[in-house]
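> Quick one: sequence plus predicted model below, questions after.
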Amino acid sequence: MGKTVGGIGREWRVLAGGFSGKANVNMYGRNNSVYLTTGLSYMKHWENEGLIQSDGASNIVYSSFFPMLQLYLKLVNPAGAGYLHNTNMIRLSNVKLYGDENIGMYFGSRIKGDIAKVHMEAPNEIESLYGYNNKAAHIGLYQGEIDFSAKVGEKLTIDNQTQQTAEGNLTNTGYTDKTVDGAVGIFSESGQRVGIVARGDVMEGPTPTATEINAHKTDPAWDRWFWHKWNSATQQIEIDKTGYGAGFYYAASNDFSKDPIHNLEVAKLDIRFGKYSKRMELWSWQNKEQ
C-alpha cells in the first residue's frame, strides 16, 4: 500500500505516477527489470523501502528509456518547500545483487540507426501526433533526484548457498560460480549532457500558433495538430480539422525551459562491493555524458 509522502496525499501521484511504500522483490531468472519506464510521461516517484534482491544474472533494478523532464519546475521554486513533491524522484535504499552482470540503474537508448526500437509500431505513430521526436523520445534522459543504495556480492545467493545458481552464473571467460562478476552500479548510454534542449532535441521545436496551423489545413504534414477522433465503426483514427488536438494543447501549455538539461546527476549513491565481488564498475557511461 502506498503512503503519504512529505505530507502530500496520494492524489498528486495518481496523475503523476509512481509508488511509495514497501515492496520486497526477488528476481531468480535473467533479463528482468524491477522498474522499467518507457515513452514520454509526466513526473514519476519511485520510493521503495522494501528489499530488492537478484539471484539471476543480467537483471536491472531501475531501467529507463524515456526523458524524465521536470515539467513542474515552471510551477514551483526549486529552492522552495514544494520542490520534492513536484520533481522526479528515485529512492531505492535496500538492493542486493548476487548474480553476474546485474545493473543497479540503467539509463539507455532504444535508438539503433535512424529508428527508435519500440515494442509496437503504434507508439511511434501516436507520439508523432503529440509533437515528440520519435528518436529522442526513447532515450533515458533523467532530470530529478536520485538516492540509490546497493550491496553487490555480499553473498552468492539469496539463501546463502556456497555457489551461485545456474541462472545467476554466466559462463564468460574468467567468471566462476564462486564469484559475483561484472556488476555495474549505474550504467548510462543516453548521452545526457549540458547543451541538449528539450524543445528541439528531445521534442520538436516551438509549437506553431493556431493561425499558422489553420493556414496549413490542406498540408498533410500539419495533420498532427488537429483533433484526432476514433471512429468505432471503421476502427480508425479520423482527423477533424474543426478543432485542435491534445498534441497542440500539450505542447503549447508546457514549458521545459525552466529546467535546462544537465549532465546526469546523482545526489546520493552508496554502492558497496562485498567479498565475492569481482570485475565491478561503480559507474559506466557511453556516448559522451559526463
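Yep, it's here.
> can we go C-alpha only for contacts and neighbour counts from here?
Will do.
> Wait, residue 194 touches residue 263, no?
Yes. Shown here, residue 194 and residue 263 form a contact pair, counting by CA atoms under 8 Å, at 5.6 Å.
> for this structure, what are the low-confidence residue spans?
The model of the chain has pLDDT under 70 over residues 1-17, 39-42, 70-86, 110-138, 200, 203-205, 247, 250-255, 286-290.
> So which residue is dead centre in it?
Residue closest to the average C-alpha location in the chain (CA atoms, centre = their mean): residue 64, at 2.9 Å.
> ok, it touching residue 107?
Yes. Using CA under 8 Å, residue 64 is in contact with residue 107, at 5.0 Å.
> any common contacting residues for the two?
139-140 (CA atoms under 8 Å, 6 or more residues apart in numbering).
> Now do the contacts for the residue nearest to the centre of the chain.
Residue 64 neighbours (CA under 8 Å, 6+ apart): 36-38, 106-108, 139-140.
> what's the closest of these to residue 207?
Nearest to residue 207, judged by CA to CA, of the contacts of residue 64 is residue 139 at 21.6 Å.
> The closest one contacts residue 69, correct?
No. Residue 139 lies out of contact with residue 69 (CA under 8 Å); the separation is 11.6 Å.
> Looking at these two, which is more packed in?
For the pair residue 139 and residue 69, the greater number of neighbours falls to residue 139 (27 against 24), based on other CA atoms under 10 Å.
> OK, contacts around that one?
Contacts for residue 139 (CA under 8 Å, 6+ apart) come out as 64-67, 107-111, 190.
> among those residues, who's most crowded?
Of all the contacts of residue 139, the highest neighbour tally under other CA under 10 Å goes to residue 190, namely 28 neighbours.
> roughly how far apart are that one and residue 143?
Going from residue 190 to residue 143 by CA to CA, to the nearest Å gives 12 Å.
> repeat for residue 174
As defined by CA to CA, residue 174 lies at a distance of 37 Å from residue 143.
> Same question for residue 52.
Residue 52 is 24 Å from residue 143, by CA to CA.
> out of these two, which sits in the busier spot?
Shown here are residue 52 and residue 143; by other CA under 10 Å, residue 143 has more neighbours (24 against 20).
> any idea how far that one lies from residue 281?
Separation of residue 143 from residue 281 (CA to CA): 23 Å.
> can you check residue 259 too?
30 Å.
> again with residue 175
Using CA to CA, one gets 15 Å for the distance from residue 175 to residue 281.
> quick one: which of the contacts of residue 64 is nearest to residue 97?
Using CA to CA, the contacts of residue 64 come closest to residue 97 at residue 106, 14.6 Å.
> any idea which helix or strand carries residue 20?
strand 18-21 (DSSP states H and E).
> Pull out the buried residues from that strand.
Within strand 18-21, the residues that count as buried by 16 or more other CA atoms under 10 Å are 18-20.
> phi, psi of residue 29?
phi -90, psi -160 (degrees, to the nearest 10).
> Roughly how far does the residue nearest to it when sequence neighbours are not counted sit from residue 202?
Using CA to CA, 6 or more residues apart in numbering and skipping the chain neighbours, the partner closest in space to residue 29 is residue 56 (4.7 Å). Going from residue 56 to residue 202 by CA to CA gives 34 Å.
> Comparing the two, which shows the higher neighbour count?
More crowded of residue 56 and residue 202, by other CA under 10 Å: residue 56, with 28 against 22.
> doesn't residue 100 make contact with the more buried one?
Yes. The criterion here is CA under 8 Å, and residue 56 meets it with residue 100 at 7.4 Å.
> give the contact list for the residue nearest to residue 226 when sequence neighbours are not counted.
Using CA to CA, 6+ apart and skipping residues adjacent in sequence, the residue nearest residue 226 is residue 244, 4.2 Å away. Contacts of residue 244 were listed using CA under 8 Å, 6+ apart, and they are 225-227.
> If you rank these by neighbours, which is first?
Among those, residue 225 has the most neighbours (other CA under 10 Å), with 26 neighbours.
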